[in-house]
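Peer 1: Build me a model:
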Amino acid sequence: MANRTDPTDNDDLARWLSRIALGDRQAFEQLYRATSGALMSVAWRVLQQRDLAEEVLQDAFVKVWHSAGMYDARLGLPMTWLINIVRHRAIDLRRSRSAGLVSVHGEDDSERIAAMPAPGAGPEQWLDTAIQRIGVQECMGQLTPAQRQALALVYYQGLTHVEVAQALEAPLGTAKAWVRRGLDYLRTCLKGRGMAAS
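Peer 2: Residues are numbered from 1 along each chain as shown. The predicted model follows:
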């Protein structure tokens, strides 16, 4: 069963990935134990079905086993790389399942999943929904790498601003600014596309 642990040191994750690239099964098990809980949450948020999320998680770890050598620390943190693998697989699965599937209300499944949150929803719920909207990837692409990483750590791993600052080795004020400015930009960008919550 997946264990949700406290955020693991990025040096540990990077070391495990380098050992996995050499076929180290113990390192693979350590990586799985340390990250599977958080990664399962990422898949579930996209798919909203435990069995599908488990399928995505399994597929993602198979990819990690075969592709660990492709991780490049210069392009981002290890956890961000893992989250991206899981999230892309989950989105691909959701799209493949929703293609041609129509709900009883006449909407396709992707539209139903991407319905906006209820009034008064918190920023996490708003961001969760916004991430699933068509075109949001383009808005996310306009953020700086630091903003994207900070949002991923706060949103997907549930880290506090203090923990984000530690993970990204940045001052607390800087980490808070990355999160705040990232969310502000997403709201503005999505509103311009007619997607933001009112």
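Peer 1: Residue 165 is in what secondary structure piece?
Peer 2: Taking DSSP states H and E as the criterion, residue 165 maps to helix 161-167.
Peer 1: Restricting to C-alpha, output stretch 18-37 in CSV.
Peer 2: Output of stretch 18-37 as CSV, limited to C-alpha atoms (Å, rounded to 0.1, in the frame of the first residue of the first chain):
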residue,chain,number,x,y,z
SER,A,18,20.6,7.7,-10.6
ARG,A,19,20.8,4.3,-9.0
ILE,A,20,17.6,3.2,-10.6
ALA,A,21,19.1,4.1,-14.0
LEU,A,22,21.7,1.4,-13.1
GLY,A,23,19.1,-1.2,-12.4
ASP,A,24,19.1,-0.9,-8.5
ARG,A,25,15.9,-2.4,-7.3
GLN,A,26,16.4,-1.3,-3.7
ALA,A,27,16.6,2.3,-4.8
PHE,A,28,13.5,1.8,-6.8
GLU,A,29,11.7,0.5,-3.7
GLN,A,30,12.9,3.4,-1.7
LEU,A,31,11.7,5.9,-4.3
TYR,A,32,8.4,4.2,-4.5
ARG,A,33,7.9,4.2,-0.7
ALA,A,34,8.8,7.9,-0.4
THR,A,35,6.8,9.2,-3.3
SER,A,36,3.9,6.9,-4.2
GLY,A,37,1.4,8.5,-1.8
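Peer 1: same question for that stretch, mean pLDDT?
Peer 2: Averaging pLDDT along stretch 18-37 yields 90.
Peer 1: If you count neighbours, what's buried in it?
Peer 2: 18-21, 24, 27-28, 30-32, 34-37 (16 or more other C-beta atoms under 10 Å). Bear in mind the C-beta positions are built from the backbone N, C-alpha and C, glycine included.
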